[in-house]
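K.L.:
what shape does this take:
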Amino acid sequence: MAARILPIVKLTTKLTIAGGALYVAYDSGLLGSSDQGSEALKKAKAALPPAIEEWMKYFGLEAQLPTMPQVEFSPLQSWNSGVRWTISTLSEAPTKATDYTNQGLQYLKDLTK
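P.N.:
Below is the predicted model of the structure:
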């Protein structure tokens with residue numbers, strides 16, 4: 001009987017944690033529009049160091065946290081650079097294919113001499 005209940009308890013625990021995380025993300029605005037998400041992300045970044053410090057004091061750990069590095073990452077620019085690279089590669093494909101074909105034919109001609 002206990003062997004059948006244990007997987008159910010594990011599944012229920014996982015679903016509860018996942019549901020809680022989903023609720024927190026939705027409630028903080030991370031699942032909204034991009035403007036709402038960026039504002040929520042800024043709030044989360046600002047709240048993270050004080051929360052960690054409070055947690056460390058609660059457990060009696062006294063340590064100096066390193067400063068959070070400032071990372072400038074723009075998903076929009078990353079997306080655009082990937083799109084640009086793909087379009088550029090696709091536009092160069094016929095020329096590259098012609099060049100490689102000519103090189104291959106020249107190699108075969110050189111072998112038959």
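
K.L.:
could you list the low-pLDDT ranges of this protein?
P.N.:
1-3, 28-42, 44-49, 51-53, 55-56, 60-66, 68, 73-74, 76-77 (pLDDT under 70).

K.L.:
pull the longest helix from this protein.
P.N.:
If you go by DSSP state H, the chain has its longest helix at helix 75-112.

K.L.:
domain ranges for the protein?
P.N.:
Structural domains assigned to the chain are 1-62, 74-113, following automatic domain parsing.

K.L.:
against which helices or strands is the longest helix of the chain packed?
P.N.:
Applying 3 or more C-beta pairs under 8 Å, 6 or more residues apart in numbering; DSSP states H and E, we find helix 75-112 packed against no helix or strand. For every residue, glycine as well, the C-beta is placed using N, CA and C.

K.L.:
how does it look with 10 Å?
P.N.:
helix 34-58 (3 or more C-beta pairs under 10 Å, 6 or more residues apart in numbering; DSSP states H and E).

K.L.:
distance of Pro94 relative to Thr101?
P.N.:
11 Å (C-beta to C-beta, to the nearest Å).

K.L.:
could you do Ser91 as well?
P.N.:
Applying C-beta to C-beta, the value for Ser91 to Thr101 is 18 Å.

K.L.:
same check on Pro75?
P.N.:
Distance from Pro75 to Thr101, by C-beta to C-beta: 39 Å.

K.L.:
what do you get for Thr12?
P.N.:
From Thr12 to Thr101 the distance is 61 Å (C-beta to C-beta).
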